[in-house]
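Asks: any chance you can model this:
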Amino acid sequence: MIASVERSEVSGEVHVPPSKSYTHRAIIISALGPGGLIKRPLISADTKATISAVEAFGALTDLDGDIEVAGVRGKPQTPEDVIDVKNSGTTLRLMTAVAALTRGAIFTGDSSIRRRPNGPLLKALNDLSVQAFSVRGNDCAPLVVRGKLRGGKTSLDGSVSSQFLSALLIACPLSEGDTEIEIEGELKSRPYVEITLEMLEQAGAKIETDFQKFWIEGKQNYDLGSYTVPGDFSSASYLLAAAAVTGSRLVIRGLWPSKQGDSAVVEILERMGAHISWDLEAGNLSIEGRDLQGVEVDASLTPDLVPTIAVLGSVAEGTTVIKNAEHVRHKETDRLCAMASELKKMGVNVQERPDGLVIEGGELSGANVNGYHDHRIVMALTVAGMVAGGTSIDTAESVAISYPQFFEEMTRIGAKVDTHER
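Replies: Next up, the predicted model:
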């Protein structure tokens, strides 16, 4: 699908979608316990992949706006068939660890998933008495897991993805023995780990940590009960950026402070010069776009914001530097390379570095750009197209991964976006 974008502004009010990260974890943790009700979940291609995965392990779900889950009470079944996670890296990583609680499972996914590395997780599972390996020997799916998880000691490279640690944190409390995990190097995307710990604690799990080591007692139980998914700051970033780059005023509903790392977009926009006010009681955030100034952003904790920040920097006066973002190269696509390539097509002076981007703000020109089948690239380039005009973005259907109503919502608040088949 192609998205054609013309110069436009936004106005009015929009409800932010529920958090994808919280929804994934809520489904899995609820499924591993007695079950419960997940209120206001994000229903997208990625979270549907997680629903299918937990059902393969014996949980039952009823999707009718909310998700009602009948769980496996700490004893997931061995799947009868290969599990296809589609394009969901979160599903692959988290459920690979869950598979270690059974006799085993096989995972595959689309072409993007089959290129994403999982070496640190496979190594850690093998340290913990599990056979886990890549069929092709390249640390990428298809993956084979043969249980069972008995606990023990392992170390984990924290530089590639926090999902490996989150996967172990979800599975290890249900293992037969105690587990100790030591982090090697810097723990990237730590806020996602904090989300996992927050939800596990709410489900009754006890994990001790100083974020260099994690001590996990085995034979625990989960009960998440009734859980309401908070609004998603990653999705909100495109709405906020659209208002900021077009000098518009927009009210975003459904946002409260949370452990989501991407809530940093609020502080970044304020530093760039946007005016933001927050009604914390109502969960409403108002933004008014003004002339933006370039800033320096450390993206080590907020990898999913990188495409958005790159677009903001393209419009801002002066230089924007994105650093400590080397782990962004291991997402659905190499997002540093992708954003540098596509923004250059739009006339932006971008220098790609091993760990980030240096962007000189200026005039944007319309162009035919590639979305790389990556939802975050497509949504960020849509925002850029609202400034440049005359922009066409391919693989626009990928927004279904995290924000299925993105184009409809953008059109409703004033963006001139038309989607059509190729």
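Asks: run a quick neighbour tally on residue 9.
Replies: By other Cβ atoms under 10 Å, the residues close to residue 9 number 18. Where you see a C-beta, it was placed from the backbone N, CA and C, and this is true even at glycine.
Asks: could you do residue 135 as well?
Replies: Applying other Cβ under 10 Å, we find 14 residues neighbouring residue 135.
Asks: what about it, distance to residue 144?
Replies: Residue 135 is 6 Å from residue 144, where distance means Cβ to Cβ, to the nearest Å.
Asks: try residue 365
Replies: The value you get for residue 365 to residue 144, if Cβ to Cβ is used, is 48 Å.
Asks: ok, the two, which is more surrounded?
Replies: Shown here are residue 365 and residue 144; by other Cβ under 10 Å, residue 144 has more neighbours (18 against 14).
Asks: so what strands line up beside the strand or helix carrying the more buried one?
Replies: Following DSSP states H and E, one finds residue 144 within strand 143-146. Applying DSSP bridges, strand 143-146 is found paired with strand 105-108 (antiparallel), strand 131-134 (antiparallel).
Asks: now the first one, how far from the centre of its chain.
Replies: If I follow you right, that is strand 105-108. Here strand 105-108 shows a centroid-to-chain-centroid distance of 21 Å under the convention Cα atoms, centre = their mean, to the nearest Å.
Asks: please apply the same query to the last one.
Replies: The chain centroid and the centroid of strand 131-134 are separated by 25 Å under Cα atoms, centre = their mean.
Asks: for that strand, give me every contacting residue.
Replies: With contact meaning Cβ atoms under 8 Å, 6 or more residues apart in numbering, strand 131-134 is reached by 96, 100, 104, 118, 121-122, 125-126, 140-146.
Asks: OK, contacts around the nearest residue in space to residue 194 that is not next to it in sequence?
Replies: Leaving out its chain neighbours, the residue that sits closest to residue 194 by Cβ to Cβ, 6 or more residues apart in numbering is residue 259, at 4.6 Å. With contact taken as Cβ under 8 Å, 6+ apart, residue 259 is in contact with 191, 194-195, 198.
Asks: can you tell me the SS state at residue 259?
Replies: At residue 259, secondary structure determined by DSSP: H, G, I helix; E, B strand; the rest coil is coil.
Asks: and the nearest residue to residue 348 once chain neighbours are set aside, what pLDDT?
Replies: With Cβ to Cβ, 6+ apart as the criterion, residue 348 has its nearest non-adjacent residue at 4.5 Å, and that residue is residue 314. At residue 314, the model reports a pLDDT of 97.
Asks: residue 314 looks like it's in a helix, true?
Replies: Yes - the assignment for residue 314 by three-state DSSP puts it in a helix.
Asks: that older thread, chain center to the strand holding residue 144, what's the gap?
Replies: Distance of strand 143-146 from the chain centroid (Cα atoms, centre = their mean) equals 24 Å.
Asks: what lines up beside the next helix or strand after that strand in the sheet?
Replies: Next helix or strand after strand 143-146 toward the C-terminus (DSSP H and E): strand 152-157. Using DSSP bridges, strand 152-157 pairs in its sheet with strand 179-184 (parallel).
Asks: buried sites along the strand it pairs with?
Replies: Within strand 179-184, the residues that count as buried by 16 or more other Cβ atoms under 10 Å are 179-181, 183.
Asks: do the same with stretch 36-46
Replies: Across stretch 36-46, burial judged by 16+ other Cβ under 10 Å covers 36-38, 40-46.
Asks: okay, the residue nearest to residue 194: pLDDT?
Replies: The model's pLDDT for residue 259 equals 82.
Asks: use 16 as the first number from now on
Replies: Got it, the first residue is 16 from now on, which makes the last one we talked about residue 274.
Asks: against residue 208, how distant is it?
Replies: 9 Å.
Asks: residue 122 now?
Replies: Between residue 122 and residue 208 the computed distance is 22 Å (Cβ to Cβ).
Asks: likewise residue 270?
Replies: From residue 270 over to residue 208 the distance is 22 Å, taken as Cβ to Cβ.
Asks: same thing with residue 26?
Replies: Counting by Cβ to Cβ, the gap from residue 26 to residue 208 is 37 Å.
Asks: between the two, who's got more neighbours?
Replies: The neighbour count for residue 26 versus residue 208, taken as other Cβ under 10 Å, is higher for residue 208 (24 against 13).
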